[in-house]
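S.K.: The following block contains a protein sequence and its predicted model.
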Amino acid sequence: TRSTPSMLYLDGVHVSFDGFHAINNLSLTLATGEMRAIIGPNGAGKTTMMDIITGKTKPDQGEVLFDGSVDLTKLDETQIAELGIGRKFQKPTVFESQTIEDNLLLALNVDHRVRGTLFWRQSKAEAATIERVLETIRLTDARDRLAGSLSHGQKQWLEIGMLLAQDPKLLLVDEPVAGMTDVETHQTAELLKEINRDHKTVVVVEHDMTFVRELGVKVTCLHEGTVLAEGTIDQVSANDRVVEVYLGR
Ligand code: ADP
């Protein structure tokens, strides 16, 4: 039997900042179409790991392969984004004075040449993509509202939608439910599961264990720049070392 091709493959990765080993022999494999939750205490290296994948930080050592064979260590941030790796940072950054629909249109055209400033007409393909994304992020009825008028949770979904509009192969999402209500948190889990069912590979960094449990996916716990434990949320949260460094208070 052949193994599933991996969307992301990190092997023996090291990053140090002035001699401090932020990432210390990190290895991680994500199958194509998988969704993975990354947990770990502050300083575990979660952000640095995302920075390595997006090319913001270059490893001192180790392999980082995308989609089977593309060596990400040789590419810059723009080239990596163009390969289809989308990243959502913790704080929502939407264009507050534009409508939801125009935010999506802007996202769709982010790497296109400007096509006139006065009338920016949607092509049929763009209109179809926007409809699909609006439905996924549950904002179809709010499409004409200004993004600035949305709730914090809805802004997070809009930003996820802006990434989806670009049809990424791999979506990196950093603490999406921070500051959300319980209802929004639940809806975000549903939204990410739907995106994953739609064949997107997803990495979610998150502290909220209720949310991680609801995602129902494999969990990787990082500590001191390496993998401390991997498995289901039940396996990981029952792991003695994880309890010690992360869950134990
Ligand atoms: P997490 O996201 O899990 O909280 P980070 O990846 O932000 O962890 O940080 C891992 C470690 O690396 C921390 O100890 C942090 O202080 C350190 N670190 C991160 N970025 C830098 C940097 N640019 N310079 C120096 N140290 C850094």
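M.R.: On my side now, so go ahead. Numbers count the residues shown, from 1 in each chain.

S.K.: Just the strands from the chain, written as ranges.
M.R.: 6-17, 20-31, 35-39, 61-66, 70-71, 85-88, 170-174, 201-205, 219-223, 226-231 (DSSP state E).

S.K.: Can you convert these into CSV and add a column each for mean neighbour count?
M.R.: The way it works is simple: take the backbone N, C-alpha and C, and place the C-beta from them, glycine included. Listed next are the strands of the chain as CSV, based on neighbours: other C-beta atoms under 10 Å:
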stretch, mean neighbour count
strand 6-17, 18
strand 20-31, 18
strand 35-39, 23
strand 61-66, 18
strand 70-71, 12
strand 85-88, 22
strand 170-174, 23
strand 201-205, 24
strand 219-223, 23
strand 226-231, 18
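
S.K.: Columns distance to Glu101 and mean pLDDT on top of those strands, output as CSV?
M.R.: Below are these laid out as CSV (distance: least, C-beta to C-beta, whole Å; pLDDT from 0 to 100):
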stretch, distance to Glu101, mean pLDDT
strand 6-17, 30, 97
strand 20-31, 32, 97
strand 35-39, 27, 98
strand 61-66, 31, 97
strand 70-71, 33, 96
strand 85-88, 19, 93
strand 170-174, 21, 97
strand 201-205, 24, 98
strand 219-223, 36, 97
strand 226-231, 40, 97
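
S.K.: Take those strands and lay them out in TSV including distance to the ligand.
M.R.: Output for the strands of the chain, formatted as TSV (distance: least, C-beta to the nearest ligand atom, whole Å):
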stretch	distance to the ligand
strand 6-17	3
strand 20-31	3
strand 35-39	9
strand 61-66	15
strand 70-71	22
strand 85-88	13
strand 170-174	8
strand 201-205	7
strand 219-223	6
strand 226-231	11
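
S.K.: Show me which helix runs longest in this structure.
M.R.: helix 182-197 (DSSP state H).

S.K.: How far off centre is that one?
M.R.: 13 Å (C-alpha atoms, centre = their mean, to the nearest Å).

S.K.: That helix - contacts with which helices or strands?
M.R.: Judged by 3 or more C-beta pairs under 8 Å, 6 or more residues apart in numbering; DSSP states H and E, the packing partners of helix 182-197 are strand 35-39, helix 124-136, helix 152-165, strand 201-205, helix 209-215.

S.K.: can you do 6 Å?
M.R.: Counting contacts by 3 or more C-beta pairs under 6 Å, 6 or more residues apart in numbering; DSSP states H and E, helix 182-197 packs against helix 209-215.

S.K.: What parts of this structure come near the ligand?
M.R.: By the rule C-beta under 6 Å from any ligand atom, the part of the chain lying against the ligand is 17, 20, 22, 40, 42-48.

S.K.: now, the most widely separated pair of the residues you listed?
M.R.: Phe17 and Gly40 (17.5 Å; C-beta to C-beta).

S.K.: Quick check: which ranges of this structure have low pLDDT?
M.R.: Along the chain, the model assigns pLDDT under 70 to residues 1-4, 111-121, 247-249.

S.K.: Now do the same contact list for the spatially most central residue of it.
M.R.: Geometric centre of the chain, nearest residue: Leu172, 1.7 Å, by C-alpha atoms, centre = their mean. Residues in contact with Leu172 (C-beta atoms under 6 Å, 6 or more residues apart in numbering) are 50, 87, 203.

S.K.: again with Gly153
M.R.: 180, 184.

S.K.: Next: Leu158.
M.R.: Contacts of Leu158 (C-beta under 6 Å, 6+ apart): 94, 100, 103, 147.
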